[in-house]
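Asks: just to be clear, the model below is a prediction. Sequence and coordinates:
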Amino acid sequence: MQESSNISFLGKIVMTRTALLVLIIGTMCSSVLAQQKPWSQWEKKEVDKMLNASPWGQTQSETNAGQVTAQIGTGQANQETTYNYRVRLFSARPIREAFARMVMLGNPKIQASQLTNFVIGDYSELIVVAITFDGTDRGLIGPLGQAFASATTGTLKNKAYIERKDGKRIWIEDYAAPTSDNTGAKFVFPRMLDGKPFVGEGDEFLRFVVDMDRGANINWKFKLSDMKYDGKLEF
């Protein structure tokens, strides 16, 4: 009788462990499936994460004290103002997928097939960094907008570059000011230097730096080891 009870008890343990294993495997499969969800099915929070908090899209926030003066009772006090630069590797496919999905979410009549050419665009010879910005102080955002709108390839010639860990730099090749499509200003760099890829899988990171007029200074590092997408390095 005791032996029968032990067998029954052991059987319950095996069954419990099996159920737990099935649950773990199921959870893992769900996670993999979530990662493989087509971009055309991304929710807004997934789009926002890709654009603003992913290996290909990050946010550089700046805070200035005393930029705005507010009335408090009968006195005055300085308030901090915050503004954000959204730094995105536009030449990386996942960023273009996120922009395409954002368009679809804004207009449900648009189908994914209509945006295919945009998503699969050929950037094999270019590295393109896109910048947008937002903030709490419209008085500050206005001058920043003017800085990006008035900049040219010539004025940025010695002010915008991509850098490797070893300090080697590649300078801007072209610049496009922001347009109404909300993808931001585009900083264009060649992928090749002296006949070889400037950045590859053996490199640790690439750093984007630009020093523009009106205090628009951006310095952001992208970690290459985190930038695998569908089995390949995307940047």
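Replies: Thanks, I have the structure now. Numbering: from 1, shown residues only.
Asks: so how many other residues sit close to the spatially closest residue to A177 that is not a sequence neighbour?
Replies: Nearest non-adjacent residue to A177, counting by CB to CB, 6 or more residues apart in numbering: A149, 5.2 Å away. (C-beta placed from N, C-alpha, C; glycine too.) When neighbours are counted by other CB atoms under 10 Å, A149 registers 10.
Asks: so A149 sits in a helix?
Replies: Yes: going by DSSP: H, G, I helix; E, B strand; the rest coil, the assignment for A149 places it inside a helix.
Asks: any idea how far L233 is from A176?
Replies: As judged by CB to CB, to the nearest Å, L233 and A176 stand 25 Å apart.
Asks: distance of the residue nearest to A177 from I127?
Replies: A149 is 23 Å from I127, by CB to CB.
Asks: which stretches of the protein form helices?
Replies: Listed in chain order, the helices of the chain (DSSP state H) span 2-35, 44-52, 93-106, 116-119, 138-150.
Asks: name whatever forms a beta bridge with the residue most central in space within the chain.
Replies: Nearest to the mean C-alpha position of the chain, by CA atoms, centre = their mean, lies G57 at 1.1 Å. On the basis of DSSP bridges, G57 is bridged to R88.
Asks: wait, it sits on A98?
Replies: Yes: counting by CB atoms under 8 Å, G57 touches A98, with 7.3 Å between them.
Asks: which residues do these two both contact?
Replies: Jointly contacting G57 and A98 under the rule CB atoms under 8 Å, 6 or more residues apart in numbering are M50, L51.
Asks: check contacts around the residue nearest to the centre of the chain.
Replies: G57 neighbours (CB under 8 Å, 6+ apart): M50, L51, R86, V87, R88, L89, I95, A98.
Asks: any chance of the residues you listed in JSON lines, with neighbour count and pLDDT too?
Replies: What follows is those, written out as JSON lines (neighbours: other CB atoms under 10 Å; pLDDT from 0 to 100):
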{"residue": "M50", "neighbour count": "23", "pLDDT": "97"}
{"residue": "L51", "neighbour count": "23", "pLDDT": "97"}
{"residue": "R86", "neighbour count": "16", "pLDDT": "95"}
{"residue": "V87", "neighbour count": "25", "pLDDT": "96"}
{"residue": "R88", "neighbour count": "29", "pLDDT": "97"}
{"residue": "L89", "neighbour count": "25", "pLDDT": "97"}
{"residue": "I95", "neighbour count": "24", "pLDDT": "98"}
{"residue": "A98", "neighbour count": "25", "pLDDT": "97"}
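Asks: for Y161, state which of the residues you listed is nearest.
Replies: V87 (14.1 Å; CB to CB).
Asks: neighbours of the closest residue to G135 other than its chain neighbours, how many?
Replies: In this structure, G135 finds its nearest non-sequential neighbour in Y83, 2.9 Å apart by CB to CB, 6+ apart. If you count neighbours by other CB under 10 Å, Y83 ends up with 19.
Asks: in contact with Y83, which residues are there?
Replies: S61, E62, F133, D134, G135, T136, D137, L140, I141, L144.
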